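1. predicted model and sequence below, questions to follow.
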Amino acid sequence: MARIAVLGAGLAGLAAADTLTKAGQDIVVFEARDRPGGRVWSEEIVVQDRVCTIERGAEFVLHGYSAMRQLMAEHDVELVDTGMSYYVRTPGDAPSVITDDMVAAGREARSVTRQLGGARSAEEVLSRLELRREVVDALRARIEISTAVGARHVTADALGQIADVEPKPSWRIRGGNQRLPEALAHALAGSLRYRSTVRHVVNLPDGGVVVATDDGSKVFDAVVVALPLAVVRGSKDISLPRSAERDVALARVVQGHAAKLHLPLISPPTTSAVMSVRDRYWTWTAIDSTGTVAPVLNAFMGTSAAIDRVGLRLEPQRWVRKARALRPELMIGDDDQVVSTIWSDDPLAGGAYAAHAPGNPSSSGPGLETPIGDVFWAGEYAEPEFTGLMEGAIRSGKRAAERVLEAVRHNTTGIGERTRA
Ligand SMILES: Cc1cc2nc3c(=O)[nH]c(=O)nc-3n(C[C@H](O)[C@H](O)[C@H](O)COP(=O)(O)OP(=O)(O)OC[C@H]3O[C@@H](n4cnc5c(N)ncnc54)[C@H](O)[C@@H]3O)c2cc1C
């Protein structure tokens, strides 16, 4: 049995810890927050005497989430159909564009992306579309909202995943997405240390890794670093092993920035999904665990430029006013019940999620998971296919754990020597 530390109790770290625990390894998970889940963060608010679960972070369980579904089945966590589609959004402030235009534009953009080959920027692909300007603008807005990055700075590959516009269903976890990290944390029993901020991770010359927190340091046979991109890329609060290869790989991913808003609704809504092309956000109402539509208007804004433009930090009510104007058919309740979340201002997240920079096919992803000494890497940013998403975090975490187990089995990096001695 090897002694392994996992840093971060987001879905990547918890998926790694789950795999390692099932394989009989001795693990400790260090988490800076006082809850599991990281960017999966469910909260309850009371609207019209009804308890509603809002997702301040990740919301939708999307098409192809096989690893997440498997983990959910193993931990008795269920899905609820939201009754609306993450993929289909009516451009509310571009009335000449209908959702069918968006689907057709998305198909053409994917075809152009394939013809061009390589990882072209979304903007380059958009510039080649022979479509009405309003339709191209709406597709640009959709890409920028969902990737949380400007279209010049992200690959058009996003159209096949996070910015996909093909109509498909979308789900949430019954009782809130945080049920999954909570179930995973529960299964780890005493191995999870909350309020444990990791400050240093250092490979020892003869194998093994020192992990230092504010409470002291310990040596492990291997470490899985499952911290967010902004933290591993160069936070002043932590020092991690580096390599030239890893620096190159890290430069190929871009950090997305996003914020969310939850507004109480007075009248019971139907399901809906309406986006603002101009202000780079979308709003939706969805079915929750009760089987009826929750009286909450959810909103997600993508890109740091959009967040700055709306002045969210200085005057949050401006976004509220804009949402009221975008959705005049809804009766939105009092401003004092509005919940806003800016992930870029959270030092333990440093942004929303990652995307691929132009010029780098998503197959460049595995470089981000290449171990340095006995230090292994996981996180949504490191996943080539489901980059930025819960599914990506889980896949990456499981892969990191499998790599550790492989190293333990073959004793290739000196892992396990100390424990066997
Ligand atoms: C607003 C928003 C909306 C989203 N919507 C969706 C969606 O609809 N569908 C979807 O699939 N995905 C969505 N995502 C993305 C999803 O949340 C992430 O991809 C996923 O949760 C990332 O998991 P992770 O484990 O890689 O990182 P995290 O969840 O960030 O986990 C990393 C953990 O490390 C901890 N940590 C940081 N620094 C330290 C330290 N020094 N020491 C110890 N611990 C530390 C953090 O507290 C955190 O718990 C959304 C994200 C955001 C922000």
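-> On my side now, so go ahead.

2. and the closest residue to residue 153 other than its chain neighbours, how close does it get to residue 347?
-> Setting aside the residues directly before and after it, residue 153 is nearest to residue 254 in space (C-beta to C-beta, 6 or more residues apart in numbering), at 5.4 Å. Where C-beta positions appear, they are placed from N, C-alpha and C, glycine not excepted. Using C-beta to C-beta, to the nearest Å, one obtains 19 Å as the distance from residue 254 to residue 347.

3. show me which residues of the stretch 301-421 of the chain sit near the ligand.
-> Residues of the stretch 301-421 of the chain found near the ligand, taking C-beta under 6 Å from any ligand atom as the criterion, are 343, 348-349, 352-353, 379-380, 388-393.

4. mind putting the residues you listed in TSV, neighbour count and pLDDT included?
-> Written out in TSV, the entries for these read as follows (neighbours: other C-beta atoms under 10 Å; pLDDT from 0 to 100):
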residue	neighbour count	pLDDT
343	24	96
348	19	97
349	22	97
352	32	98
353	29	98
379	30	98
380	30	98
388	26	98
389	24	98
390	30	98
391	25	98
392	29	98
393	35	98
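
5. and the residues you listed, which is closest to residue 289?
-> residue 390 (18.1 Å; C-beta to C-beta).

6. give me the distance from stretch 175-183 to the chain's centre.
-> In terms of C-alpha atoms, centre = their mean, to the nearest Å, the centre of stretch 175-183 is set 15 Å apart from its chain centre.

7. what does it contact?
-> Contacts of stretch 175-183 from elsewhere in the structure, counted by C-beta atoms under 8 Å, 6 or more residues apart in numbering, are 9-11, 14, 35-38, 40-44, 53, 55, 57-59, 61, 68, 71-72, 75-77, 173, 289, 390.

8. ranges for the strands of the stretch 51-200 of the chain?
-> Using DSSP state E, counting those that start in this stretch, the strands found in the stretch 51-200 of the chain span residues 79-81, 90-91, 171-173, 192-193, 198-203.

9. of all those strands, which lies closest to the ligand?
-> The closest of the strands of the stretch 51-200 of the chain to the ligand is strand 198-203. By C-beta to the nearest ligand atom, the value is 3.7 Å.

10. near the ligand, which residues of the stretch 151-300 of the chain? Just list them.
-> Among all residues of the stretch 151-300 of the chain, those adjacent to the ligand (criterion: C-beta under 6 Å from any ligand atom) are 197-198, 226-228, 231, 238, 258, 260.

11. residue of the stretch 51-200 of the chain nearest the ligand, please.
-> Proximity to the ligand, evaluated over the stretch 51-200 of the chain using C-beta to the nearest ligand atom, is greatest for residue 58 at 3.2 Å.

12. next up, the contacts around that residue.
-> When contacts are taken as C-beta under 8 Å, 6+ apart, residue 58 is in contact with 39-40, 177, 389-390.

13. again, only this time at 10 Å
-> With contacts defined as C-beta atoms under 10 Å, 6 or more residues apart in numbering, the neighbours of residue 58 are 10-11, 37-42, 172-173, 177-178, 180, 352-353, 380, 388-390, 393.
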